[in-house]
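Undergrad: From the sequence below, what's the structure:
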Amino acid sequence: MSLISTSQLNVIIGQTQVCKNLSLDCNPGEVWGILGRNGKGKTTLLHTLAGLRAAQSGDVFLRQKNIKSLKRQQIAQQLGLLLQQHEDSFPSSVIDTVMSGRHPHMKQWQWESAEDHQLVQTALEAIQLTHLAQRLTNQLSGGERQRVAMATLLTQDPDIMLLDEPNSHLDLKYQIQLLDLLTNLAKEKQKTILMTLHDLNLTARYCDKLIMLMGDGEVLVGDAESLLNEHNLLHLYDYPIAKINSQEHTVFTAD
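TA: Down below sits the predicted model:
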């Protein structure tokens, strides 16, 4: 059973048709990449899938239940969203911020359990943030703040993760470590991940499936290996991209 799916989804922002009659079935264990030029609606599509904005028509389903029929807490117990920007109007410590990922699973006035604290500790260790646990979030670099957001999502532990450029602000080392962690999580715990990416080489390395926003509502959906070809990429980016096959990885470069 798909964890998240869409039926005849039509999304428009301003004068841009993001997708037209988009039908998806995203299954446990799959890692999806969302590609498209700037301004073509990658972030808007993620927000629509998360139920944060209404589509012009069509439906989004979580485990075959229409997202419109679910309360926000029910959605947050199943789905987590990593945003591009993080605003800390009232900064708190890293450990308290990461603990907020457990709030969807708690009743009103309920205190955090030993299990909740263990999940926070495990997430901080996985993202290598233990040494910053007591630091205020407004004292962090952009990359550190991004890793805190990712640790919060890991603590939330949803089965569906929607990630808006998860590797932004990160040094190459942390980009690879984070994407390794996410893809291993998808396979081992049968989660579904959808993420917007700009780097074609990381896309080819980590994504099983792709959603390519071609413009004017046209969308290509399918296996990453088959969709990542020079013809589709020229259409997608309006610029020639060369595909180089090596023994270990496929490499893409501007022609």
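
Undergrad: Pick out the residue nearest the middle of the protein.
TA: Within the chain, one residue has its C-alpha closest to the average C-alpha position: by C-alpha atoms, centre = their mean, that is L163, at 1.7 Å.

Undergrad: Just confirm L129 contacts S93, I think it does.
TA: No - judged on C-beta atoms under 8 Å, L129 makes no contact with S93 at a distance of 11.3 Å. For glycine as for every other residue, the C-beta is placed from the backbone atoms N, C-alpha and C.

Undergrad: More neighbours: these two, which one.
TA: With other C-beta atoms under 10 Å as the criterion, L129 and S93 differ in neighbour count, and L129 comes out ahead with 20 against 16.

Undergrad: how far away is that one from D255?
TA: Using C-beta to C-beta, to the nearest Å, one gets 40 Å for the distance from L129 to D255.

Undergrad: So for stretch 110-122, mean pLDDT?
TA: For stretch 110-122, mean pLDDT is 90.

Undergrad: which parts of it are buried?
TA: 116, 119-120 (16 or more other C-beta atoms under 10 Å).

Undergrad: and that stretch, how far out from the chain's middle?
TA: On the basis of C-alpha atoms, centre = their mean, to the nearest Å, the separation between the geometric centre of stretch 110-122 and that of its chain is 24 Å.

Undergrad: so how far is H86 from the residue nearest to H169 when sequence neighbours are not counted?
TA: If you skip the residues right next to it in sequence, H169 has G142 as its closest partner in space, 3.9 Å away by C-beta to C-beta, 6 or more residues apart in numbering. In this structure, G142 and H86 are 9 Å apart, going by C-beta to C-beta.

Undergrad: Which of these two has more residues huddled nearby?
TA: When neighbours are counted by other C-beta under 10 Å, H86 comes out ahead of the other of G142 and H86, with 16 against 12.

Undergrad: what sits against the more buried one?
TA: When contacts are counted by C-beta atoms under 8 Å, 6 or more residues apart in numbering, H86 is found next to 137, 145-146, 148-149.

Undergrad: again, only this time at 7 Å
TA: 145, 149 (C-beta atoms under 7 Å, 6 or more residues apart in numbering).

Undergrad: Over to L210?
TA: Taking C-beta under 7 Å, 6+ apart as the definition of contact, the neighbours of L210 are 32-33, 35, 222, 224, 227.

Undergrad: which one of those residues sits closest to G51?
TA: W32 (17.5 Å; C-beta to C-beta).

Undergrad: mind listing what whatever helix or strand that closest one lives in pairs with, with the direction of each?
TA: W32 belongs to strand 31-36 when assigned by DSSP states H and E. Strand 31-36 pairs in its sheet with strand 192-196 (parallel), strand 209-215 (parallel), by DSSP bridges.
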